[in-house]
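K.L.:
Pasting the sequence and the predicted model now:
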Amino acid sequence: MVLESLLDLGSLMPWFMFLLIFLWTPPHFWALALYRSEEYGEVGIP
């Protein structure tokens, strides 16, 4: 009963979504910043 509740996909899905967003967000915005770095420099954003 306890093992079944621990392996329930419904209880794991929020953690999966959290990890997906947590791990995806920094490289995504870093790539966007590098892609637009010239434009950032033109307007004075370091």
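P.N.:
Sure thing, it's come through.
K.L.:
switch to C-alpha atoms for all contacts and neighbour counts from now on
P.N.:
Will do.
K.L.:
burial of Ser37, as a residue count?
P.N.:
Using other Cα atoms under 10 Å, the number of residues around Ser37 comes to 14.
K.L.:
what does Arg36 give?
P.N.:
Other residues close to Arg36 by other Cα under 10 Å number 11.
K.L.:
Could you do Ile21 as well?
P.N.:
11.
K.L.:
Which pLDDT value does the model give it?
P.N.:
With respect to pLDDT, Ile21 scores 97.
K.L.:
what about it, distance to Ser37?
P.N.:
According to Cα to Cα, to the nearest Å, Ile21 and Ser37 sit 23 Å apart.
K.L.:
Show the subsequent helix or strand relative to the lengthiest helix in the chain.
P.N.:
The single longest helix within the chain, with elements called by DSSP state H, is helix 9-35. Downstream of helix 9-35, the first helix or strand assigned by DSSP states H and E is helix 37-42.
K.L.:
and that next one, C-alpha only, in PDB?
P.N.:
Provided in PDB are the C-alpha atoms of helix 37-42 (Å, rounded to 0.1, in the frame of the first residue of the first chain):
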ATOM      1  CA  SER A  37      24.000  39.800 -26.900                       C
ATOM      2  CA  GLU A  38      24.800  42.200 -29.600                       C
ATOM      3  CA  GLU A  39      21.400  43.900 -29.200                       C
ATOM      4  CA  TYR A  40      21.800  44.000 -25.400                       C
ATOM      5  CA  GLY A  41      25.200  45.700 -25.900                       C
ATOM      6  CA  GLU A  42      23.700  48.400 -28.200                       C
END
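K.L.:
10 is where my numbering starts, stick with that
P.N.:
Right, with 10 as the first residue, what we last looked at is helix 46-51.
K.L.:
What are the contacting residues of it?
P.N.:
Contact partners of helix 46-51, identified using Cα atoms under 8 Å, 6 or more residues apart in numbering, comprise Pro55.
K.L.:
Distance from the chain centre to that helix, please.
P.N.:
Taking Cα atoms, centre = their mean, to the nearest Å, one finds helix 46-51 lying 24 Å from the centre of the chain it belongs to.
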